[in-house]
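J.: I'll drop the sequence and a predicted model, then ask my questions.
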Amino acid sequence: MSDTKATVLVPGKINPRVTERLQGNVEIITVPAGGELVLPEGVAERVRGIAVSGVVSAAWMNALPKLEIIANFGVGYDGVDAKHAASRGVVVTNTPDVLNDEVADTTIALLINTLRRLPQAENYLREGRWAKEGAFGLSPFSLKGRTIGILGLGRIGLEIAKRLEPFKVNLGYHTRTKRDDVAYTYYGSLKEMAEKVDTLISIVPGTAATHKIIDADIFKALGPQGVFINVGRGSSVDEDALIKALEDKVIGAAGLDVFYNEPQVPDAFLSLDNISMLPHVASASVPTRNAMADLVADNLLGWFKDKTVLTPVPETPVKG
Ligand code: NAP
Ligand code: 8YV
């Protein structure tokens, strides 16, 4: 690293370990997230990196002539226009693999919570209703004997599938490219999979190709015993169609960790009883978030030291 410290922009909030790790090695400039980028005179010209948990628009990249690297906190980098970054020669990194286990574990918990209504059962106990009103009602659904289709069998999807094997369920998946290293049933389309399974778990990235692909048609195909779990991105779901499907019992239940317009959650979801919700916490443990933060810092520090990064995204012009 040269004597002049690189300047790194941090829009909005980020895990504090990122800035702790960067402190002393780079100059950190914090700015509000989103909207127009406003910086004191002369700062835009010296920003070489961004550490972000959220959005970096094409307009921000255009406003930073010396920008070299955007290090995204999260494996999903739908908030960063990576194609535009590539067109400007800007490297984008994300945080793959270090969160696979945590996210897969949370998915299993959310699936069981949704099927067996465990959060509702605990609330029933906490409200003193067990002693007053008797046993909590039986859950209409069980995991036993289910046929599960996983939309997205990448790093995390595969860990979810592996965890589901001991539950003795039937497993299948849909991706655009069939994997030749797994024995799970492959479905050539999402619609075909929804017709054949009774449980759909989505763990696909938020891209133009996945935008609202889980819609009324898919819920109809899933059917009244059907359960939908989303740990990927809220943008993959037509939420109005999901609300109607839950209200009309077109599907049986849903479990959601992610939403279309986070942190806003539609009121209709809150008034439904056949849904289990989490506030985007699938990776949210201290050890896993620390590992993600370290990866963000290591990508930035590696880049400024000798132009190497550990985890570039596929669109990026350099390889790690
Ligand atoms: P990954 O390894 O890149 O896997 C993505 C999978 O999705 C691949 O199997 C890919 O297969 C499939 N896919 C992509 N586009 C598709 C499409 N249009 N139709 C069907 N399948 C498609 O990513 P990952 O590390 O597993 O992470 C997946 C996503 O999970 C992240 O991008 C992020 O959005 C989300 N996530 C959420 C949380 C949370 O806190 N809830 C935490 C971590 C990650 P093909 O390319 O062959 O189609
Ligand atoms: C994080 C995630 O919660 O990695 C991802 O793609 O969605 C989560 O692990 C998020 O990116 C940071 O807030």
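T.: Right, received. Where do you want to start? Ligands and ions are numbered 1, 2, ... in the order given.
J.: What are the contacting residues of stretch 164-174?
T.: 108, 143-153, 157, 161, 179, 182, 184-190, 192-193, 196-197, 199 (CB atoms under 8 Å, 6 or more residues apart in numbering). Any C-beta I mention is one placed from the backbone N, CA and C, and that applies to glycine too.
J.: in that stretch, what's buried?
T.: Buried residues in stretch 164-174, counting neighbours by 16 or more other CB atoms under 10 Å, are found at 164, 169, 170, 171, 172, 173, 174.
J.: if we can go back for a sec, drop anything exposed from the contacts of stretch 164-174.
T.: For the contacts of stretch 164-174, buried by 16+ other CB under 10 Å: 108, 143, 146, 148-153, 157, 161, 184, 186-187, 190, 193, 197, 199.
J.: pLDDT score assigned to the residue nearest to residue 186 when sequence neighbours are not counted?
T.: Closest residue to residue 186 apart from its sequence neighbours, by CB to CB, 6 or more residues apart in numbering: residue 178 at 4.8 Å. Residue 178 is assigned a predicted lDDT (pLDDT) of 98.
J.: pretty sure residue 178 is touching residue 187, no?
T.: No. If you go by CB atoms under 8 Å, residue 178 and residue 187 don't touch, sitting 9.5 Å apart.
J.: residue farthest from the centroid of this protein?
T.: residue 132 (40.5 Å; CA atoms, centre = their mean).
J.: for whichever helix or strand it is part of, the distance to its chain's centre please.
T.: Here residue 132 sits within helix 129-133, counting by DSSP states H and E. Put simply, helix 129-133 sits 38 Å off its chain's centre (CA atoms, centre = their mean, to the nearest Å).
J.: Other residues contacting it?
T.: 124, 136.
J.: Can you name the next helix or strand after it?
T.: Assignment by DSSP H and E places the next element after helix 129-133 at strand 147-151.
J.: Just the CA atoms from that next one would do, formatted as CSV, please.
T.: What follows is strand 147-151, C-alpha atoms only, in CSV (Å, rounded to 0.1, in the frame of the first residue of the first chain):
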residue,chain,number,x,y,z
THR,A,147,-42.2,-33.1,-1.9
ILE,A,148,-39.9,-30.1,-1.9
GLY,A,149,-38.8,-28.1,-5.0
ILE,A,150,-35.9,-25.7,-4.5
LEU,A,151,-35.7,-22.7,-6.9
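J.: hang on, residue 196 packs against residue 147?
T.: Yes. With contact defined as CB under 8 Å, residue 196 reaches residue 147; the gap is 6.9 Å.
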